[in-house]
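Asker: Give me a model of this one.
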Amino acid sequence: MQAHKLHGRMDDVVWNPPILRFVIERHGGTVCGSTRAELQHWEVDLNNRSARVVKTGHWQLVAMAPRISIKGIADEIVKAILSGRDDDRVQRLDDDKLKVVASRIFPDRSGFKRTLLGRRKKLLEYLHEKLRVHGWRRSGANGFVRMKDESVVDVVGER
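Answerer: Sure, this is the predicted structure:
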């Protein structure tokens, strides 16, 4: 760490000769879109001329995206698919093929990048889990295809 980064950013400074202890907030992750700063707890031993980070943690800089029930959303979509009901979150390609429009469920403006991608991934995993027992399997990134009777997966396992 460069010395100029310490000025005005050191917290909880404790001088117990020859050891100087302090905490500093680092913002490297925020450059990549993180909403948290890393907290580094440093010890500087002036006799040994050594410095080391003894503990790290995080500080939430911006409020986290609100919690949501991904399983609840998946249940709604599964009901729409199985009933044949129109739903703007599902694009039907034909009777046996469909695409889940994840961007309608979690638009790009709905959260931070990692949260957004994680929610979309988890939703598709839950959808696959729930649809496979009804004869559907994943096809491509957001697609699902209904399998013929001999390929249907039942609750117990593969046939």
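Asker: Report the separation between His27 and Val53.
Answerer: Distance check for His27 against Val53: by Cβ to Cβ, to the nearest Å, it reads 16 Å. In this view, the C-beta of every residue, glycine as well, is placed from N, C-alpha and C.
Asker: And for Gly8?
Answerer: In terms of Cβ to Cβ, Gly8 sits 20 Å off from Val53.
Asker: More neighbours: which of those two?
Answerer: Set Gly8 next to Val53 and count neighbours by other Cβ atoms under 10 Å: Val53 wins out with 13 against 6.
Asker: For that one, give me its contacts.
Answerer: Gln40, His41, Trp42 (Cβ atoms under 8 Å, 6 or more residues apart in numbering).
Asker: Which residues does the helix or strand hosting the first one contact?
Answerer: Element membership of Gln40 [criterion: DSSP states H and E] is strand 36-45. Defining contact as Cβ under 8 Å, 6+ apart, one finds that strand 36-45 is touched by 18-30, 50-61.
Asker: same question, stretch 86-93
Answerer: Contacts of stretch 86-93 (Cβ under 8 Å, 6+ apart): Glu76, Ile77, Ala80, Ile81, Leu98, Lys99, Val100, Val101, Arg104, Ile105, Gly143.
Asker: Now it: buried residues?
Answerer: Asp87, Arg89, Val90 (16 or more other Cβ atoms under 10 Å).
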